[in-house]
Structure formats: structure tokens, C-alpha cells
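**Q** kindly return the folded structure for what I paste below:
(one chain, ligands or ions: 1)
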Amino acid sequence: MTIPGRGLFTFRQNQTQPKPTPPQRSVAALDSMRLDLRDIAPCLDLRISQRAKRMALRLDSKSGQVFLVIPPRASLRKALEFAREHREWILRQASTVESPPQLKGGSVLPVLGVDRIIRIHFDETLKRTSIILADHELIVTTNKDDPTGRIVRFLKNLARTEITRMAKEKAALIGRTPGDIQIRDTSSRWGSCSEEGNLSFSWRLILAPPECLDYVVAHETAHLVHMNHGAKFWALCEELSNDFSGGHGWMKINGQSLMRYVT
Ligand SMILES: [Zn+2]
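**A** Got it, this is the predicted structure:
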């Protein structure tokens, strides 16, 4: 099951370019160009692209950074002018991107469909970090200044346990047994099923509403019978899902938001 595009919003220049002349560019000139761009908007950076045919502004909707993409021969002076002219557009686009959720004390993390407040109890005398998933809290007892890595590892293990159980249950309903079940962090797929019947899933599904996790597991399990996306596959997928339209619909519209959490 693939993840739809990252939503790169592009603002292209309409005017045609004058005949290019080979530019004489030093590292210092490019550095000073970058500083000028930062003056226009702090989120603005330069990218020289061999494939670019004309100047364009591109928003990375994940990081909120805006890139001024220019062809190798473009004039830096003109590029700077172009960026100045579109300053408002740049600032407006960057402000539409939410800052990524932090895995810090006091932050709220939706785990298995329930919002949990992260509580961090720091104790430097401890030998190791322990994490407990409570009803409305994720309790982290740690000797680490930044336990983010430990929290992610905990979530991956939780995803492995939950998804393995669910996939085995669903497969049993149709008389199949999945092969290996792997938990990954791929940016292009929520899940996959190999010819050999091995399944893999993104750990981030543990942060999605339960019907979505359920739907993706149903989807990959249904591939144990149908290695295609034909009508019979979708009928089985629906049969194996608790809430097919809810899960499928949410993933289609909001799935990308799961990529905002730490990478
Ligand atoms: Zn599929």
C-alpha cells in the first residue's frame, strides 16, 4: 500500500528566460546568495538543479522549508529578484506547515487511538530507560537527557506486537498463515506483502486511529490470497476490516500526517 506524494507545491515563473550565458560562480557568491535569501524569508534556501528549465519556488510540506530552484545557468541576481517579488507567497506557504510533534515531556501522542501525555521521570542514577503505556499516559522513566530514541524503539516494539497479533488473527480467518512479519520505517509504503507471504508494516501505524491500523493489516493479509488489487481482493479486504471505509478513507486523506513524527 503506497503513500501518496508529499505534496510539493510549486510556484513557477511564467516569463521566458533570456539567452543564458555561462555563469562565473564562486562558493562565496553562492554563500552570499543564501544569506540574501534568508533575509527575504528565514525558511528560504537555494537549490541549483540540472533538470530545472526555469526558476521555481518549491515548498517541502514536511519541513516547511521553501527552495528557490534554479537552472545551472540562471542569473543569481535575477533569481534574487524573483524571490523578492514572491516574498509574501513564500511566507504564506511556510506558515501553512505545522511544526512536527515532539516526543517530549508534556506532549500528547496518539497511541492505538488514545491520546497519551508523555510523562518523563528523569533519574540519572538509573541504569536503563523503562516505558509504560498507561491508559492516558506514556510514562518514561529514564537516565537520558533526550529519550526520544527510546520512545521510538518502544513504539516500534508495540507496533510489532499489535500488528503480528492482528495479522495472525485475520490470516487465520481465511485459513492462511503469514510468513515473516516485519516492522519498518519506509517513506513510500504503509505495508507490503511479498510473493512468499512475508508481510511488512510501517511502525507509524501505531499512531493512526485503530480502524486505519486495522484496515492496513486487513489489506496486506488479503494479499495472502489475492496478489493484485482486483474486485475479489477488495471484497476480501473489506470482509477482513472492522471499518473498511473509515480506515481506508482516513489513510487516503490523512495518512501522510503520520510521517511528521520523528524520522
Ligand atoms: Zn495492496
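**Q** now the strands for the chain?
**A** Using DSSP state E, the strands of the chain run over 9-12, 44-48, 56-59, 66-70, 108-111, 114-122, 130-133, 137-142, 181-184, 191-193, 199-202.
**Q** may I see these organised as TSV, with distance to F82 and mean neighbour count added?
**A** Just so you know, the C-beta spots here come from the backbone N, C-alpha and C atoms, and that holds for glycine as well. Formatted as TSV, these follow (distance: least, C-beta to C-beta, whole Å; neighbours: other C-beta atoms under 10 Å):
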stretch	distance to F82	mean neighbour count
strand 9-12	10	13
strand 44-48	11	17
strand 56-59	8	20
strand 66-70	7	23
strand 108-111	41	16
strand 114-122	43	15
strand 130-133	49	14
strand 137-142	46	18
strand 181-184	40	18
strand 191-193	42	22
strand 199-202	38	24
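**Q** can I get those in a markdown table with distance to R84 and mean pLDDT?
**A** Shown next, in a markdown table, are those (distance: least, C-beta to C-beta, whole Å; pLDDT from 0 to 100):
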| stretch | distance to R84 | mean pLDDT |
| --- | --- | --- |
| strand 9-12 | 14 | 49 |
| strand 44-48 | 10 | 89 |
| strand 56-59 | 12 | 89 |
| strand 66-70 | 11 | 91 |
| strand 108-111 | 40 | 93 |
| strand 114-122 | 42 | 94 |
| strand 130-133 | 49 | 97 |
| strand 137-142 | 46 | 96 |
| strand 181-184 | 43 | 95 |
| strand 191-193 | 45 | 96 |
| strand 199-202 | 41 | 96 |
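**Q** do you know which of the ones you listed lies nearest M227?
**A** strand 191-193 (7.4 Å; C-beta to C-beta).
**Q** out of the strands of the chain, which comes closest to W89?
**A** Nearest of those (C-beta to C-beta): strand 9-12, 5.9 Å.
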